[in-house]
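Chemist: here is a sequence with its predicted model. Questions after.
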Amino acid sequence: MKTQSTSKNDILLSGLLSSAAALMTFLFLAIGHHLPPDQGEFGVVFPPWTSEAEAVSAIIDAGGALAGGTRFSNVIVAVASDPEFAQRVRDNGAWLTTAARGLCGQIEGEQA
């Protein structure tokens with residue numbers, strides 16, 4: 001009878017699979033935390049070459065209101081009262097919309 005031994009490749013493979021599972025769990029939690037709401041405050045991300053004035057104009061044209069600026073001129077915190085705002089602002093040039101907490105939260109003390 002042959003005893004089963006664990007080879008280095010088996011150990012590396014199990015370590016890789018465990019790491020991949022941990023990474024996927026972290027990504028799902030991070031993505032879920034930043035999913036945009038149906039209405040309320042959004043972080044609206046525009047291309048880096050978009051000026052702040054162009055971004056604000058696109059938000060207002062999409063039916064949103066300005067809630068404040070962020071550390072980046074192409075990321076604006078907006079308020080919208082309807083679920084279609086996210087699609088309209090993307091049609092106006094935004095790359096994506098996120099929840100307005102965390103990385104794109106409003107700078108303390110800064111108001112529109």
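Modeler: Structure received.
Chemist: now the most centrally placed residue in the chain: how far from residue 18?
Modeler: Centroid-nearest residue in the chain, with C-alpha atoms, centre = their mean: residue 98, separated by 4.4 Å. Residue 98 sits 29 Å away from residue 18, going by C-beta to C-beta, to the nearest Å. Placement of C-beta: from N, CA and C, glycine included.
Chemist: follow-up on the earlier one: and the residue nearest to the centre of the chain, bridged to which residues?
Modeler: residue 43 (DSSP bridges).
Chemist: just checking, it touches residue 76?
Modeler: No - using C-beta atoms under 8 Å, residue 98 and residue 76 do not qualify as a contacting pair, with a distance of 11.4 Å.
Chemist: tell me, what's touching the two both at once?
Modeler: residue 43 (C-beta atoms under 8 Å, 6 or more residues apart in numbering).
Chemist: please enumerate the strands of this protein.
Modeler: 40-45, 65-69, 75-80, 96-99 (DSSP state E).
Chemist: give the burial count for the closest residue to residue 61 other than its chain neighbours, as a bare number.
Modeler: Once flanking residues are discounted, residue 61 sits nearest to residue 92: 5.6 Å by C-beta to C-beta, 6 or more residues apart in numbering. Neighbour count of residue 92, defined by other C-beta atoms under 10 Å: 18.
Chemist: repeat that for residue 60.
Modeler: 14.
Chemist: so it touches residue 76, yeah?
Modeler: No - in this structure, residue 60 is not within contact of residue 76 by C-beta under 8 Å, at 10.4 Å.
Chemist: give me the common contacts of these two.
Modeler: What both residue 60 and residue 76 touch, as defined by C-beta under 8 Å, 6+ apart, is the set residue 66.
Chemist: what is the least confident helix or strand in this structure?
Modeler: The weakest-scoring helix or strand in the chain, judged by mean pLDDT, DSSP states H and E, is helix 8-33 (a mean of 72).
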